[in-house]
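Visitor: Quick one: sequence and predicted model below, then my questions.
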Protein chains: 2
Amino acid sequence: MALNHTHDAGAKSWIDTANIEGTDFPIQNLPYAVFRRTGSPEPFRGGVAIGDQVLDMAALSARQLLDGLALDAARAAALPALNDFFALGGAAWRALRHAVFALLRGDAPAATVHAVRECLVPQAEVEYTVPARIGDYTDFYTSIDHALNISRLMNPDGDVTPNFRWIPTAYHGRVSTIGVSGQRFHRPMGQTMAPGAKAPTYHACARLDYELELGVWVGEGNATGEPIPLERAEEHIFGICLLNDWSARDIQFWEMAPLGPFLAKNFATTISPWIVTMEALAPYRQAWTRPANEPQPLGYLEGPSNRESGAIDIRLEVWLESEKARNEKSGPSRLSRTSFKHQYWSVAQMVAHHTVGGCSLNPGDLFGSGTISGPGPGEAGAIIELTRAAQSPVTLANGEERGFLEDGDAVLLRGWCEKPGHARIGFGESRGTVLPARG
Amino acid sequence: MALNHTHDAGAKSWIDTANIEGTDFPIQNLPYAVFRRTGSPEPFRGGVAIGDQVLDMAALSARQLLDGLALDAARAAALPALNDFFALGGAAWRALRHAVFALLRGDAPAATVHAVRECLVPQAEVEYTVPARIGDYTDFYTSIDHALNISRLMNPDGDVTPNFRWIPTAYHGRVSTIGVSGQRFHRPMGQTMAPGAKAPTYHACARLDYELELGVWVGEGNATGEPIPLERAEEHIFGICLLNDWSARDIQFWEMAPLGPFLAKNFATTISPWIVTMEALAPYRQAWTRPANEPQPLGYLEGPSNRESGAIDIRLEVWLESEKARNEKSGPSRLSRTSFKHQYWSVAQMVAHHTVGGCSLNPGDLFGSGTISGPGPGEAGAIIELTRAAQSPVTLANGEERGFLEDGDAVLLRGWCEKPGHARIGFGESRGTVLPARG
């Protein structure tokens, strides 16, 4: 995707908080969420983040500030779920981004500023919901560092399964328990089999984990049975959020042969409210490479634009705030940091593979990227990797140790992009909290 | 569930075709579908099968024939998707069944007969759609005969995985490609790995299969994170249909470790239009047993009503109609027949296990039972079992042979219940057709 004036690092907004260094939401970002005033009976509707404000798409589309495709797009984005907006496709998404950029830039006319100001709601006063009706949720498994870390827990010489280097592996996840940042869930009950035992036992999960992932939102779908070729794949993606795929490792290891994870991952999935658009991410694209000693993709997963810019340098961090740290107000501890650029398969390859057999994607479908771990120490996207299954617990800033998650722990995901000569843009935060098992 | 007058085998309808021996739709059945006149711009709405007619819930609820809870239920069942009707729960489902039974029985007053007759549409003149917005689709794996047949293809002494006898195993399936009987889909393309090969290849599926399953429709859901105990589980089930889980075996065997089936099963799933209610199935319940030499279930999967009546004797058949047979008009060939009563885990156990970790079920969620194979020869629910992966092809009535499915093949599933002293009730048919790969 070519860069344009909305990517200009020099652009400023008349909203001062959008110009503060380090903000997640400068005028170059303009991500979408669905919100309302906290605790109010207002309908949920789409909004765009700018500094510490939300630009209300319902209020905006009711004023005489937009026209044509941008107005159509704003009306669709004003609904309580963004599916219709996603379905409009890239030209409409671009029209609205460019129109909103013009309304918010520093040199906007005074009358525009006056009118747009009435469409702002402070982020501190809003609550969010899942931004679309999710038809299907697919969770990929596309970080080779994560896959190797997990294999080597079982066997120090372990490798990934033979298909990993040929297939953007994935399974279908659970839609009904996807929640937005702030989600609180009970530690799951389930069956586990102790090593050497003759029968499983039923108890609360003892090995609760998070997974650092990105959520990829499908925009326009494909016709039934009609595959999306690799080189058109990203046209079908609206944008990206943060995603925490909570995982009950003890339940998972007992249940998952031969059909994959089920109860171990379907009790909760937490996403960040803000969706950063593919257009906003354009400056942070990188070449997608595959080392020469690794298998090169089959033809349907291979193409020049994917090679040129299939990777995205999204910086990611996991933080843990224990209940004790919360009570002490000593703040969360950073557990790991990495980048999405290390992923073995690209977003376009996920789309192309997903549809190659005839599977339909629909607007509002969600992909999880799979756990994102990088190659270095401290780059692991799950605590089972960081602590080698609790053999080497991590120490938090206040001295507490963790092998797996404990009740009261909150896990925070953060993400941003930065690059010399370009604005820093961020994803906001995904936060989820573990409550005790119901028993 | 106690039997009542709607189960009386002696009851007749004033609609003569409902009284013909062998009909799927006598007055004791009264299953639901969503329909409209074929090719018309009419809205889809719910209907009840009676003989060769559909009783139109939209037409019925607009007349002065129902009141109270039955009227509320009929209004919900008149919508283009049955989710709101499912959400009303058992008392409403029962009220509408009993009211419709009274309207259709042979001794109904002439004025009633006159009014109801105006609400009938011949089944020969309608088309169906998927009867609810499916939030999540879960595919179980609960036939031990099927699981053993598959294991023994790899290894004659093979057994099921250790978890099979402890867990109603399941994975999340794909909602977007679930279609109603009549579905036609292209043979999927995908990756497979030939034995001994160094790299996979990309081509059309060469080992296309069906799976004989039942579809179980969730009625009332559970509150977030609140498990459904076994003994209340069936209150959350509205009814049952036929389900064909088309499977690309070559793609499946290459892709499924460690995360389970994905592209091998997400290109198409075909369901029958008619949903037979749990109340209609009450006479055909049987004791759920577990042989003494098998592990007995853990406590959360064990209970007296499940022991007493957890099994259901639903007779099932798979038929194949090749393109040649269709052109010759020589009719389909029966490939297998079995009963759902052999299943290792019951529907109630599926519900209890699914929710024990905190997973939410919603009205309109769909379960697949998993392939239903019985213990005897000719009772296999998939062609890979019947033909031992094409080593022993089956011969069709017109002399054609099949190892796996060929282009143009239509697969038909049929189901019914019968028992001395009770009416025979049926599920209608699920039909799906294989089109050539798009290449």
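Guide: Looks like it arrived, so ask away.
Visitor: Nearest to chain B: which residue in chain A?
Guide: Of all residues in chain A, the one sitting closest to chain B is A:Gly260 (2.7 Å; C-beta to the nearest C-beta). No exception for glycine: its C-beta is placed from N, CA and C like everyone else's.
Visitor: Please identify the residues of the stretch 201-350 of chain A in proximity to chain B?
Guide: Within the stretch 201-350 of chain A, the residues that sit near chain B (C-beta under 8 Å from any C-beta of the partner chain) are A:201-202, A:205, A:224-227, A:248, A:251, A:254-264, A:266-268, A:295, A:298-300.
Visitor: A:Arg337 contacts A:Leu316, doesn't it?
Guide: Yes - A:Arg337 is within contact range of A:Leu316, at 6.7 Å (criterion: C-beta atoms under 8 Å).
Visitor: So which of the residues of the stretch 201-350 of chain A next to chain B belong to strands?
Guide: Secondary structure from DSSP state E places A:201-202, A:248 of those in strands.
Visitor: neighbour-wise, which of A:Arg337 and A:Leu316 wins?
Guide: Using other C-beta atoms under 10 Å in any protein chain shown as the criterion, A:Arg337 and A:Leu316 rank with A:Leu316 on top: 23 against 16.
Visitor: secondary structure element for the more buried one?
Guide: Element membership of A:Leu316 [criterion: DSSP states H and E] is strand A:315-321.
Visitor: Output that strand as PDB - backbone C-alpha positions only.
Guide: The C-alpha coordinates for strand A:315-321 follow below in PDB (Å, rounded to 0.1, in the frame of the first residue of the first chain):
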ATOM      1  CA  ARG A 315       6.300  -4.000  18.700                       C
ATOM      2  CA  LEU A 316       4.600  -5.900  21.400                       C
ATOM      3  CA  GLU A 317       4.900  -6.300  25.200                       C
ATOM      4  CA  VAL A 318       3.300  -8.400  27.900                       C
ATOM      5  CA  TRP A 319       2.900  -7.000  31.400                       C
ATOM      6  CA  LEU A 320       1.500  -8.700  34.500                       C
ATOM      7  CA  GLU A 321      -0.100  -6.900  37.400                       C
END
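Visitor: Each with direction, which strands does it pair with?
Guide: Strand A:315-321 has the following sheet partners, assigned by DSSP bridges: strand A:333-339 (antiparallel), strand A:410-419 (antiparallel).
Visitor: Contacts for the helix or strand just after that strand next, please.
Guide: Scanning forward in sequence from strand A:315-321 by DSSP H and E, the next helix or strand is helix A:323-328. Residues outside helix A:323-328 that contact it (C-beta atoms under 8 Å, 6 or more residues apart in numbering or on different chains): A:331-333, A:396-398, A:400, A:406-410.
Visitor: quick one on the thing from earlier: turn the strands paired with strand A:315-321 into CSV, columns for mean pLDDT.
Guide: Output for these, formatted as CSV (pLDDT from 0 to 100):
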stretch, mean pLDDT
strand A:333-339, 98
strand A:410-419, 98
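Visitor: Return the subset of the contacts of helix A:323-328 lying in strands.
Guide: A:333, A:410.
Visitor: now the contacts of helix A:323-328: which count as buried?
Guide: When the contacts of helix A:323-328 are checked for burial by 16 or more other C-beta atoms under 10 Å in any protein chain shown, the buried set is A:332-333, A:396, A:400, A:406, A:408-410.
Visitor: What is the nearest of those to B:Arg165?
Guide: Distance to B:Arg165, by C-beta to C-beta, is smallest for A:Glu406 among these, at 32.6 Å.
Visitor: Identify the single longest helix in chain A, thanks.
Guide: For chain A, the helix with the greatest residue count under DSSP state H is helix A:90-104.
Visitor: List the buried residues for the helix or strand just after that one?
Guide: Moving toward the C-terminus from helix A:90-104, the next helix or strand (DSSP H and E) is helix A:110-117. Buried residues in helix A:110-117, counted by 16+ other C-beta under 10 Å: A:115-116.
Visitor: how far off helix A:90-104 does helix A:110-117 point, in degrees?
Guide: For helix A:110-117 against helix A:90-104, the angle by axes from the mean of the first three to the mean of the last three C-alpha atoms, to 10 degrees is 110 degrees.
Visitor: Quick one: list the elements packing against helix A:110-117.
Guide: helix A:90-104 (3 or more C-beta pairs under 8 Å, 6 or more residues apart in numbering or on different chains; DSSP states H and E).
Visitor: and A:Pro122, what pLDDT?
Guide: At A:Pro122, the predicted lDDT confidence score is 98.
Visitor: in terms of contact, does it touch A:Gly51 like I think?
Guide: No - here A:Pro122 does not reach A:Gly51: they are 9.8 Å apart, not a contact under C-beta under 8 Å.
Visitor: Which of these two has more residues huddled nearby?
Guide: A:Gly51 (22 against 12).
Visitor: Might one say that that one is in contact with A:Lys12?
Guide: No - here A:Gly51 lies out of contact with A:Lys12, judged by C-beta under 8 Å, at a distance of 10.7 Å.
Visitor: what do these two both touch?
Guide: Joint contacts of A:Gly51 and A:Lys12 (C-beta under 8 Å, 6+ apart) are A:18-19.
Visitor: A:His98: neighbour count?
Guide: A:His98 has 17 neighbours, counted by other C-beta under 10 Å.
Visitor: List the contacts of it.
Guide: By C-beta under 8 Å, 6+ apart, A:His98 lies in contact with A:4, A:6, A:70.
Visitor: contacting residues around the closest residue to A:Val116 other than its chain neighbours?
Guide: Nearest residue to A:Val116 in three dimensions, chain neighbours excluded: A:Leu103, at 5.1 Å (C-beta to C-beta, 6 or more residues apart in numbering or on different chains). Residues counted as contacts of A:Leu103 (C-beta under 8 Å, 6+ apart) are A:60, A:65, A:112, A:116.
Visitor: could these be laid out in TSV, adding pLDDT and distance to A:Asp136?
Guide: Formatted as TSV, the contacts of A:Leu103 follow (pLDDT from 0 to 100; distance: C-beta to C-beta, whole Å):
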residue	pLDDT	distance to A:Asp136
A:Leu60	98	31
A:Leu65	97	36
A:Thr112	98	40
A:Val116	98	36
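Visitor: Most widely separated two among those?
Guide: Using C-beta to C-beta, the contacts of A:Leu103 span at most 11.3 Å, a distance reached by A:Leu60 and A:Thr112.
Visitor: ok, and does stretch A:380-389 reach over to chain B?
Guide: No - on the criterion C-beta under 8 Å from any C-beta, stretch A:380-389 is out of touch with chain B, staying 14.5 Å away.
Visitor: and that stretch, C-alpha only, in PDB?
Guide: C-alpha atoms of stretch A:380-389 as PDB (Å, rounded to 0.1, in the frame of the first residue of the first chain):
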ATOM      1  CA  ALA A 380       8.400 -15.400  24.500                       C
ATOM      2  CA  GLY A 381       4.700 -14.700  24.100                       C
ATOM      3  CA  ALA A 382       3.400 -17.200  26.700                       C
ATOM      4  CA  ILE A 383       4.500 -17.800  30.300                       C
ATOM      5  CA  ILE A 384       4.900 -21.600  29.700                       C
ATOM      6  CA  GLU A 385       7.800 -20.600  27.400                       C
ATOM      7  CA  LEU A 386       9.300 -17.900  29.600                       C
ATOM      8  CA  THR A 387       9.300 -20.100  32.700                       C
ATOM      9  CA  ARG A 388       9.900 -23.400  31.000                       C
ATOM     10  CA  ALA A 389       6.600 -24.700  32.400                       C
END
